[in-house]
Structure formats: structure tokens, C-alpha cells
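S.K.: Structure for the following, please:
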Amino acid sequence: MHKAFTAAASDAAAVHLVRPLNWDEAEHEIPPGLKALARATGFKAKAGETVFMADEAGKLSHVLFGLGEANDALGVAPLAAKLPEGDYRIARDAGLPLAHIAAGWADGAYRFDRYLKDKSAPPRLVIGEDEDAGALAREADAIALLRDMINTPAQHMGPASIEEIVRQMAEQYQADIEVTVGEDLLAANYPMVHAVGRAGPEAPRFIELSWGNPDHPELALVGKGVAFDTGGLNLKTGNYMRLMKKDMGGSAHVIALAKLVMDSKLPVRLKLYVPTVENSISGTAFRPGDVLSTRKGITVEIDNTDAEGRLILGDALARACEGSPDLLIDFATLTGAARVAVGPDLAPFYTDDGDVADAINAASAVSGDPVWRMPIWMPYKSMLKSDIADIQNAGGAFAGSITAAVFLKQFVEAERWVHLDVWGWRQSKYGRPEGAAACGLRAVWTMLRTRYA
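M.R.: Okay, the predicted model is just below:
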């Protein structure tokens with residue numbers, strides 16, 4: 001069971017969730033003492049408004065929480081973030097599905113305390129012990145792993161550490177794993193992974209995990225694993241480099257997704273591909289103007305060394321397509337342009353397959369995990385034209401997220417491919433601190449369960 005959940009608790013405090021539109025109705029259903037406190041404090045069920053009531057012994061017994069107008073799947077996260085240690089049960093759900101309540105609760109109760117002397121236990125939500133409760137706990141565990149990976153500084157989450165996490169998963173789920181490291185990348189034909197990572201303090205590597213029945217449809221997951229991104233010789237300024245420990249966020253997303261697939265015994269043949277490097281500066285760093293060979297056989301002129309994630313993904317996508325997957329999905333913290341286009345909360349996704357796009361949008365509505373479909377606009381390939389190579393890796397100031405997707409498409413031969421350009425982070429909001437966040441993961445996981453289960 002996830003540490004923010006419990007199967008049962010005899011003395012759990014009652015949580016009453018309400019909205020402004022049903023506050024009048026709710027007033028007649030909550031305990032008189034709680035109603036009196038709400039009136040005394042001017043409670044109107046606005047987002048984040050909270051009223052606490054204790055019993056005669058001074059123990060917290062009832063909590064009244066306003067959800068406001070928004071139908072946010074993580075709407076209860078601000079409540080879980082502020083509650084003291086203890087057990088809580090939902091006495092009134094205001095129409096929110098348990099899956100949304102549990103996702104929001106786990107999100108708000110999460111603490112990254114690896115480097116803190118004082119550690120606290122999270123508030124625990126009673127979710128029962130049936131099959132649905134198990135699924136909610138598995139999802140919360142996977143997202144906690146994702147957030148721990150992204151929040152951990154690069155000094156402790158380099159390519160070797162990412163490899164170790166995948167190795168531990170392989171052992172836990174009896175999966176096969178193969179890792180190619182350093183100069184062996186050239187012999188194994190991962191030239192762009194080698195080029196981007198060869199200047200780093202840890203050797204670059206390509207991680208491949210296989211799990212499941214080979215007779216089942218193949219699901220291929222690819223994640224960008226840039227453990228830290230200085231920008232390379234096109235050096236980032238300090239303010240842009242500050243958060244670059246999170247540039248392995250794509251790998252964290254697919255590792256979490258792979259954990260969910262294996263933990264849930266989804267009937268697929270899972271293939272996980274993680275190219276992981278550190279984009280650093282040294283005498284061996286790749287340069288603007290260099291021309292790189294690729295696993296796909298096309299050549300790439302380097303316009304900007306800070307557009308490195310698409311390079312390692314190019315080799316990984318080409319490798320993934322060699323297995324003829326039924327569905328290929330990649331996650332990457334790829335472009336700032338995606339944040340300019342849709343902001344920090346929406347996870348933009350790209351696909352040419354209308355049925356898959358519809359399935360992701362439907363899953364987004366069910367899970368309450370917001371996504372937005374973007375166009376793979378092939379006329380923009382002209383922005384990637386090189387005079388001396390087949391293509392260049394950056395396309396200038398316009399449509400940066402779209403041109404990145406167009407670049408990746410050059411390495412894809414799968415019938416169905418989805419690319420998610422995520423941030424992997426959140427600003428301080430909803431009453432929660434700034435830090436790692438799952439972006440589009442629950443929507444994609446809901447789609448996969450529907451498609452394969």
C-alpha cells in the first residue's frame with residue numbers, strides 16, 4: 001500500500017468535500033458543530049478553503065474543504081498538503097471519483113525529504129483494499145518514483161543511477177535488461193547517444209529492458225534521459241540551467257509507466273528504451289557545425305548543441321522501430337517552446353494517428369490529466385534544412401516544439417507513434433511547493449489500460 005493510503009482505519013477523521021454550487025445542500029448534511037464553524041469563518045467552498053473541527057478530546061474529527069468551481073483531478077492536493085499526520089476518510093465526495101481524490105491526495109501528500117534532517121509521515125487516505133484500491137496505490141507509487149527521480153540532483157541521478165533504477169526494476173519483475181556504455185555505443189550503432197554524452201563525467205549509455213509474452217502486442221516506451229543539460233558549447237545562462245537536473249524527466253516518465261505496466265501485468269510485450277547522458281563541456285564535446293551519423297543512417301548537422309535531447313531520442317526511436325511495435329510512445333522534456341505554447345500544466349502530444357489521439361483525449365477526460373494535441377506540420381521540415389547534411393537539429397525561433405517533433409519523425413517507422421513534450425515540473429501553486437510533477441502520465445496510462453486490458 002502506498003504510504004499516503006491505508007486500507008482501513010477505525011478512528012479516521014471525516015473529510016467533507018464541497019463546491020460553491022452545492023454548499024447550501026451540504027450545510028444540511030454536515031455535523032452541526034462543523035456547520036457552525038463554517039458560518040463563523042465565512043466559508044463559501046471556494047478552492048482551498050478549509051475548516052477543521054476537533055472532538056471533545058482535542059483530536060481532529062472533521063475537515064470541511066472547498067473545491068471551488070474547477071473540476072480538477074488534483075483538487076484535493078492542497079488539502080493533503082496541509083493536513084497533519086493521521087488517517088482520513090471521505091465522508092462527502094462532491095461528485096469527485098475516488099480515482100481523482102486518490103490521485104490528488106497522493107500528489108499533495110508527497111514530500112521529497114531525501115536531504116532533510118526532519119522527516120514527517122504523510123496523512124493517510126482510507127481507500128479500502130479491493131482491486132481498484134490496489135490500482136490506485138500502484139499508480140501513486142509509480143508517480144512517487146517519477147517525482148523522486150526528477151527531484152534528485154544530478155550528482156545522485158546521473159546515467160549510472162538511472163541505469164541502477166532500471167536494473168532494480170528488471171530484477172523485481174523478472175525482465176531482461178541490456179546496457180551499452182561508453183565507447184561500446186559506437187560499435188552498437190548509437191552514434192548520437194555517444195556524441196552527446198562523451199564529454200560528461202559519467203559515460204553515456206543506452207538501456208533496453210524487455211518484459212512480457214513475445215506473443216502479445218509490443219508496446220515500446222522511449223524516454224529522454226539527459227541527467228543534466230548545460231547546453232553544451234551553446235552554454236545555457238544560469239537561470240535556464242538552474243532546473244536542468246529535471247532534463248531526465250522523460251526517462252522518469254517512461255520508467256514509471258513501465259513499472260505500472262509490469263506491476264499491473266498488462267498483456268503486452270514491453271520494450272523500454274532509455275538513452276541517458278550528461279550534456280557537458282570538455283575538449284571532447286560535440287560542436288555547432290559538426291555532422292553526426294545516426295542509427296537510422298541519415299546525417300545531422302548540429303545547429304545548436306542545446307538541442308541535444310532530440311539527438312539521443314533519434315537513435316532510441318530508430319532502435320525501437322526495429323521491433324515493429326504496435327504502439328510507440330516517447331516522453332521528453334524537450335523544448336521550452338512547448339511551455340510557451342500551452343503553459344506548464346498541459347502536456348502537449350503529437351501523433352499522426354487519429355484513433356490514438358482520440359483515445360488519449362478520452363483517457364485525459366476520464367483521468368482528469370490534461371493533455372493537448374499538437375500538429376506534426378511537415379511543411380516546417382524546411383526549417384530544418386541543412387546545406388551539408390540530410391537535416392539539422394534545430395529550426396530557429398518559430399514553432400520550436402513542432403519542429404522538434406518533425407525532427408523526431410525522421411527516425412520513426414512505427415505505424416502508431418505518440419510523442420509527448422512535457423515539462424516534468426510545476427511552479428508553486430495549489431498550495432504545494434515547486435518541484436517535480438507527472439505530466440500526461442495518468443492520461444497515457446489510462447489509455448493503455450483501455451487499449452490492452
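S.K.: what is the rounded mean pLDDT of stretch 445-453?
M.R.: Averaged across stretch 445-453, pLDDT comes to 96.
S.K.: Contacts for it next, please.
M.R.: 139, 217, 219, 257, 260-261, 264, 266-268, 327, 356, 359-360, 362-364, 366-367, 369 (Cβ atoms under 8 Å, 6 or more residues apart in numbering). Backbone N, C-alpha and C define where each C-beta goes, glycine included.
S.K.: Tell me, domain by domain, which residues of this structure belong where.
M.R.: The record assigns the chain these domain ranges, following automatic domain parsing: 5-129, 139-452.
S.K.: Return the most buried member of those.
M.R.: Across these, averaging neighbours per residue (mean count of other Cβ atoms under 10 Å) puts domain 139-452 on top, at a mean of 20.
S.K.: residue boundaries of the strands in the stretch 101-250 of the chain?
M.R.: Residue ranges of the strands in the stretch 101-250 of the chain, as given by DSSP state E, counting those that start in this stretch, are 124-126, 176-181, 205-211, 218-223, 225-229.
S.K.: can those go into JSON lines with extra columns for mean pLDDT?
M.R.: Shown next, in JSON lines, are these (pLDDT from 0 to 100):
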{"stretch": "strand 124-126", "mean pLDDT": "97"}
{"stretch": "strand 176-181", "mean pLDDT": "98"}
{"stretch": "strand 205-211", "mean pLDDT": "98"}
{"stretch": "strand 218-223", "mean pLDDT": "98"}
{"stretch": "strand 225-229", "mean pLDDT": "98"}
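S.K.: if you average pLDDT over each of the domains of the chain, which comes out lowest?
M.R.: domain 5-129 (a mean of 93).
S.K.: so how far does that one reach from one end to the other?
M.R.: 10 Å (Cα to Cα, to the nearest Å).
S.K.: Please compute how far it lies from its chain's middle.
M.R.: 25 Å (Cα atoms, centre = their mean, to the nearest Å).
S.K.: need the strands of the stretch 101-250 of the chain in TSV with distance to Ser293, can you?
M.R.: Shown next, in TSV, are the strands of the stretch 101-250 of the chain (distance: least, Cβ to Cβ, whole Å):
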stretch	distance to Ser293
strand 124-126	52
strand 176-181	16
strand 205-211	15
strand 218-223	20
strand 225-229	20
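S.K.: Arg89 is nearest to which of those strands?
M.R.: Closest approach to Arg89 among the strands of the stretch 101-250 of the chain (Cβ to Cβ): strand 124-126, 4.3 Å.
S.K.: Output the contacting helices and strands for that closest one.
M.R.: Here strand 124-126 touches strand 5-6, strand 87-92, helix 98-109, going by 3 or more Cβ pairs under 8 Å, 6 or more residues apart in numbering; DSSP states H and E.
S.K.: mind listing what the second one pairs with, with the direction of each?
M.R.: The partner list of strand 87-92 in its sheet, established with DSSP bridges, is strand 13-18 (parallel), strand 124-126 (parallel).
S.K.: Between helix 98-109 and the first one, find me the angle.
M.R.: Yep, that's strand 13-18 we're talking about. Calculated by axes from the mean of the first three to the mean of the last three Cα atoms, to 10 degrees, strand 13-18 forms an angle of 110 degrees with helix 98-109.
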